[in-house]
Every structure is written in C-alpha cells, then in structure tokens.
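S.K.: Sequence and computational prediction follow.
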Amino acid sequence: MFYLYIVNQLKTKDIKIMGTRHLIMVVHEEKTKIAQYGQWDGYPEGQGVTVLNFARKMKLDKFKEALKKVRFATKADDKKKDAFLKSIGCKGGWMDMDQAAKYHDAFPYASRDIGAGILDLVMNSTDKEIVLTDSTSFAGESLFCEWAYVIDLDKNQLEVYSGFNKSPVGPEERFANAETDKDSEYGVIRFLKKYELDKLPTKRKFISELTKREKEVSCV
C-alpha cells in the first residue's frame with residue numbers, strides 16, 4: 001500500500017492540521033455507498049463541521065443520482081493504481097510532492113487527505129463512474145478510528161461515532177459486528193448521537209453536544 005509523503009510542517013498562519021483519523025460514510029438504499037478513510041482533523045470542529053455543512057446544503061436528488069455511479073475498488077483497480085505509482089517513480093510506499101500531485105490528478109477520490117470533502121466531490125462529479133475505496137472495516141479499529149460520521153439517507157439522519165472504545169456496544173449499533181483485533185483491548189467505534197437531516201443543529205451546538213457526549217461515554 002502506498003501512502004502520501006506529508007511534510008511535518010503541515011500548517012499555515014491560520015490553520016493547523018492534526019492527524020485525527022476518521023471515517024466518512026453514506027448509506028443509501030440499504031447499501032454503503034461511501035466509506036472514506038481520512039487522515040486529518042477528524043474531530044467535530046474539523047471534519048464533523050464539514051459533514052454538517054454538507055448535510056445542510058446537500059441537493060438530495062443530485063446526490064442520490066451521483067451515488068448511482070459509485071462503486072468500490074476491486075483488486076484489479078488496486079493493481080492499476082500500484083502500476084501507476086511505480087510508473088511515476090514511487091518507492092518504498094512514499095511520494096514526494098510532485099508525485100503526490102500526479103497521483104491526485106489520476107485518482108482524485110483515493111487520497112486520504114480528502115476527508116469529508118469526498119461528499120461534495122461525489123455529488124458534483126461529472127465522471128461516468130466513481131471508484132472509491134471501501135474502508136468500512138476501519139470502524140472495527142477504535143484505537144485508530146477516532147471519529148466517524150454516517151449520513152444515512154434511508155433513515156434521514158446523521159450519526160456520529162467516537163473511538164478509543166474498550167467496552168462492548170449494544171447489538172443494535174451499526175458497527176456492533178465489525179471485525180476487531182482480538183489482541184487489542186479496543187473494540188469497535190461507539191455511537192454518540194444522531195441528528196435528523198431536516199433538523200440539523202447549529203455549528204456551535206453540534207460541537208458542544210458531541211464534545212460533552214464524548215466525555216460522558218469515555219467515563220463509562
């Protein structure tokens with residue numbers, strides 16, 4: 001697996017990027033259509049707000065049409081990606097900045113840097129086919145998956161989950177049956193809160209409620 005080379009000083013005067021890994025998901029017609037792994041800013045103030053803003057402005061019919069074009073990558077797709085990476089000189093699983101730019105141009109949906117931006121990217125795509133990576137299994141690694149945001153179009157709701165969970169979750173939870181590392185004390189990510197898509201909170205309330213709720217469950 002090839003990973004992007006990220007310069008240590010990933011910051012500007014006003015923005016500091018933090019490595020908070022997360023999962024962005026969309027469920028439609030009882031199928032997972034998006035399950036995007038993200039590397040940066042997974043906390044509510046970061047990717048969470050991006051998801052919230054998307055859910056608020058989303059053009060539902062347009063988004064549903066775009067989701068029809070989505071499929072998850074196969075082994076054949078992965079081989080093509082690996083061949084491309086080798087063709088631009090990637091070695092040992094790393095890229096320099098020039099190689100990363102070429103990779104992003106060739107595989108715009110595959111970057112771990114997109115995060116919740118994948119939602120807008122899919123909705124506004126003009127591609128005939130949208131090939132994504134299925135990272136659903138990341139939900140079983142709560143030591144690493146610190147946050148997850150699920151837009152369930154069937155239930156008309158936005159669900160939020162948190163990581164660092166060492167306790168069993170109820171059988172009714174979405175990820176209750178996700179595979180976990182048997183040698184790890186950490187289990188699956190844990191449900192925190194859900195919001196109706198037509199009754200979304202303000203940014204301030206969203207952040208406040210999730211921050212409070214995460215503290216509550218971490219004490220259980």
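M.R.: In hand now; what should we look at?

S.K.: For the longest helix that the chain contains, name the packing helices and strands.
M.R.: For the chain, the helix that runs over the most residues, judged by DSSP state H, is helix 203-218. Counting contacts by 3 or more C-beta pairs under 8 Å, 6 or more residues apart in numbering; DSSP states H and E, helix 203-218 is packed against helix 49-57, strand 157-162, strand 190-196. (Each C-beta comes from the backbone N, C-alpha and C, glycine too.)

S.K.: what comes up buried for the lowest-mean-pLDDT helix or strand in the chain?
M.R.: Lowest by mean pLDDT, DSSP states H and E among the helices and strands of the chain is helix 97-106, with a mean of 89. The neighbour-count check on helix 97-106 (16 or more other C-beta atoms under 10 Å) flags Gln99, Ala100, Lys102, Tyr103, His104 as buried.

S.K.: Export those as JSON lines, with columns for distance to Asp127.
M.R.: Output for those, formatted as JSON lines (distance: C-beta to C-beta, whole Å):
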{"residue": "Gln99", "distance to Asp127": "23"}
{"residue": "Ala100", "distance to Asp127": "21"}
{"residue": "Lys102", "distance to Asp127": "18"}
{"residue": "Tyr103", "distance to Asp127": "17"}
{"residue": "His104", "distance to Asp127": "15"}
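
S.K.: which outside residues touch stretch 200-215?
M.R.: 44-45, 48-49, 52-53, 55-56, 158, 160, 162, 192-193, 195 (C-beta atoms under 8 Å, 6 or more residues apart in numbering).

S.K.: Quick check: the farthest pair among those residues?
M.R.: Largest separation among the contacts of stretch 200-215 by C-beta to C-beta: Arg56 and Ser162, giving 21.7 Å.

S.K.: More neighbours: which of those two?
M.R.: Neighbours were counted for Arg56 and for Ser162 using other C-beta atoms under 10 Å; Ser162 has more, 25 against 14.

S.K.: Thought Tyr186 was touching the more buried one, still the case?
M.R.: No: counting by C-beta atoms under 8 Å, Ser162 does not reach Tyr186; the two are 11.9 Å apart.
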